[in-house]
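predicted model and sequence follow; I will ask about them next.
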Amino acid sequence: MTRLRPILIFAICSLGIGLAVGAEQPGELEIEALNDQGWVEYNLTNHIAIGTNGVMVRYAGAVLTADKVTMNEATEEAFAEGSVRIAHDDQIWVGEQIFYNFQTREMRASHFRTGRPPVFAEGEGLHGTLTNRAYVATNAFVTTDDIADPVFKVRAKYIQIIPGKKMTARNALLYVAGVPVFYFPFYTRNLGEHVSNFNFLPGYRSIFGPYLLIGYTFWLSQQLDGILHVDERTRRGPGLGPTLNYHLGRWGDGTFKYYYQYDGDPSVSATNGSIPHNRQRVNFSYLANPFTNLEVRTVARYQGDSNMVREFFESEYRQNPQPDSYLEANKFWRNFSLDAYAQPRFDDFLETVERLPEVRLTGYRQEVGSSPIYYESQSTAGNYRRLFIQTNGVADGTNFGAARADTFHQMVLPETLFGWLNITPRVGGRYTWCSAATGPGATTGEESRGVFNTGIEISLRASRLWPDVQSGFLEMDGLRHIIEPSVNYSFVPKPNVVPGQLPQFDYELPSLRLLPIDFPEYNAIDSIDSQNTVRWGLRNKFQTKRQGEVVNLANWDVYTDWRLTPRSGQSTFSDIYSDLTIRPRSWLTLESVTRYDIEHGLWTMAFHDITLQPVNAFSWSIGQYYLRDDLSGLPTALGIGNNLFTSTITYRLNENWGLRAVHRFEARNGDMEEQAYTVYRDLRSWTAALTLRVLQNPTGPQDVTVAFTFSLKAQPHYGLGSDTGRPYSLLGG
């Protein structure tokens, strides 16, 4: 007999010890004492190893630890006593006395605990079968609480566990805080990578009445999973439909969504009286990179009426109220890319520019030979139709279409003088051909347009460092100031064809920011007109160190346009823009975005926001958004403005409770447009939230919603506070 302490390693293969016939080669057997008091004893006659006072055994992909282990090397069986833990197949088994066969995985225990998140089990009389590696226990329970005394558990007299796959129980009772609340003749839980589960969202909304939204998440295979929605809104009726996610490897990933709603009262919040009772939407998306530098993506969206997504999928509507449908394929090379794009219209109530198809060849900025000159280009060709909104299925007679080809080429000469002054002159030209427009709204004939452009951009970057500047109040450890002035001059003589002579497919859209003045960033091809403009810009950054990292103490960007030759409807100077962010403390952020009309001495836009987060458990964001009315009638007019005040407060009372309050107040008419209050409860294995929202619609009745949401943490549908970016998810939208 040989005794070694504290470590003994057996190399079975080197000793030439045979295994059972037909068994796989398990590799080395390692037995190790876990501390100085532990020891391992090996009998060379009967090949039995005994370890006490804390021992670990590694063999055949399993790890066993216990106070005492008796291991028979010939039969590959072990009997462990005292704080026994066995890890295999990503699952842990715990007990005081366990018999375990490393080769067959046979296991016997009088009492055990086991778990593979998100499901855990405990019971008596555990024994395993040798055929399918399944384990059977009596007087056992299943829970998602990883604690000694779980709140939620399913108890059964018989339970079967297949490690890594599933747990099955018969004649089971659901207990909540020790009280039986539901009986399951048959209960099963998946233990695989993906766990199927239900999500329930009960609530009340004044335009829905009491409702219950049910989603069943399922995984059919590694290639296909999804959610089945079955909903009931007492005032509106039933709704249902699947969401299918497919995963095809190199051939891409995508989603198919279909939803049908039988609406018993479609006029309750509709602005369109023609909305039918049978309502539906279809959404299909696909993205793939089948080959190197080739990308294919498509999105197809259809809704049967203009209010379908707005009413029943509010979160999606707020992100994109006028979604496009398109198919796009991109092929990339080192200096060029080729794009094929198709954009049809599926919904007549949305204005759309159809592109069936459009092809674009882009030449990235690239060096011309060994010269200091760089070349860039962009050329497009396509067939276009501009389709305006139809009312009750009838167009207003203004639709038009045409074919167009456009090619743009430019040379630039970037230079750095004196090591700090950046100068980039440019010169370019473009040619555009457009066929005679067709359709009831056609007013233009065949045209060929040439455009010349030139300009120069000048910028510099200077900085100064004060490493000894210290301030405890401002959390400053050193100070660096970076200043970046810039001037961008752009000159475009009047084209031979003005915008009014071309059909407007790519045109200037309303924007809160200055549009680009140089090509190809300015991409409103059909709106190109004369330009003689200088854009002035000045950026200041103040940086310091906080906790060893460089952060921006202040970042201020100011810019405006000086129009040397204003076009009709333009003033000499554009509005002056200011973007400012200040972080005087690590927990305090102040943001300001303003737009000032120099000519009339008026604020056109002002957005201010203060965010405080003195501790991780509390944050408060207060903002004001002001936009002056712009009813000029120009295509870029912004329309009716706002004077909106917002407040968002989140506070976590303790590890179990959290609060959130949101307010939106429109000062122009004195309306509290929206107020929402959410109480969160962390139930260890579940997260629950109760939300009250009152929405004052400008055109329609007040909308009141009360919703209760809950989901498993291991398969979260709504995490604690995760609705900060998408608050309407807690309302089922």
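Good, I have the coordinates. Numbering: from 1, shown residues only.

how about the strands of the stretch 101-250 of the chain, start to end?
107-116, 119-128, 135-143, 152-162, 166-176, 179-190, 197-205, 209-219, 224-233, 237-247 (DSSP state E, counting those that start in this stretch).

cool, and the stretch 551-700 of the chain?
576-585, 588-597, 602-615, 618-627, 642-652, 657-666, 671-682, 686-696.

counting contacts, what elements does the first one pack onto?
Packed against strand 576-585 by the contact rule (3 or more C-beta pairs under 8 Å, 6 or more residues apart in numbering; DSSP states H and E) you find strand 549-563, strand 588-597. (Each C-beta comes from the backbone N, C-alpha and C, glycine too.)

with the fifth one instead?
Using 3+ C-beta pairs under 8 Å, 6+ apart, the elements in contact with strand 642-652 are strand 618-627, strand 657-666.

and those strands as JSON lines, adding mean pLDDT and distance to residue 366?
Converted to JSON lines, the helices and strands packed on strand 642-652 look like this (pLDDT from 0 to 100; distance: least, C-beta to C-beta, whole Å):
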{"stretch": "strand 618-627", "mean pLDDT": "95", "distance to residue 366": "42"}
{"stretch": "strand 657-666", "mean pLDDT": "94", "distance to residue 366": "49"}
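
CA atoms of stretch 515-526 as PDB?
Taking C-alpha atoms only, stretch 515-526 is exported to PDB below (Å, rounded to 0.1, in the frame of the first residue of the first chain):
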ATOM      1  CA  LEU A 515     -27.500  70.000 -44.500                       C
ATOM      2  CA  PRO A 516     -24.100  69.200 -46.000                       C
ATOM      3  CA  ILE A 517     -22.700  71.700 -48.500                       C
ATOM      4  CA  ASP A 518     -20.200  69.500 -50.300                       C
ATOM      5  CA  PHE A 519     -20.600  66.500 -52.500                       C
ATOM      6  CA  PRO A 520     -21.200  63.600 -52.300                       C
ATOM      7  CA  GLU A 521     -22.500  64.100 -48.700                       C
ATOM      8  CA  TYR A 522     -25.200  66.400 -50.100                       C
ATOM      9  CA  ASN A 523     -27.300  63.700 -51.800                       C
ATOM     10  CA  ALA A 524     -30.500  65.500 -52.800                       C
ATOM     11  CA  ILE A 525     -29.600  65.000 -56.400                       C
ATOM     12  CA  ASP A 526     -32.700  66.500 -57.900                       C
END
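
and that stretch, which residues are buried?
Neighbour-count burial for stretch 515-526 flags 517-520, 522, 524-526 (criterion: 16 or more other C-beta atoms under 10 Å).

between the helices and strands packed on strand 642-652, which one is nearest to residue 422?
With C-beta to C-beta as the measure, strand 618-627 is the member of those nearest residue 422 (35.2 Å).

after the helix or strand harbouring residue 302 comes which helix or strand?
Using DSSP states H and E, residue 302 maps to strand 294-303. Toward the C-terminus, strand 294-303 is succeeded by helix 308-312 as the next helix or strand (DSSP H and E).

for that next one, what is the distance to the chain centroid?
Computed by C-alpha atoms, centre = their mean, to the nearest Å, the chain-centroid distance of helix 308-312 equals 21 Å.

how about stretch 673-692?
Relative to the chain's own centre, stretch 673-692 is displaced by 21 Å; criterion: C-alpha atoms, centre = their mean.

straight-line length of that stretch, end to end?
14 Å (C-alpha to C-alpha, to the nearest Å).

how about low-confidence regions in the stretch 351-500 of the chain?
Applying pLDDT under 70 to the stretch 351-500 of the chain flags the ranges 392-396.

with the stretch 151-300 of the chain instead?
For the stretch 151-300 of the chain, the ranges with pLDDT under 70 are 151, 163-164, 177, 189-196, 269-273.

do the stretch 551-700 of the chain as well
Low-confidence segments of the stretch 551-700 of the chain (pLDDT under 70): 683-686.

try it again at 50.
For the stretch 551-700 of the chain, no stretch is flagged by pLDDT under 50.

count the residues that sit near the residue nearest to residue 114 when sequence neighbours are not counted.
Distances taken as C-beta to C-beta, 6 or more residues apart in numbering place residue 93 nearest to residue 114, at 4.7 Å, with adjacent residues excluded. Counted with other C-beta atoms under 10 Å, the neighbours of residue 93 add up to 24.
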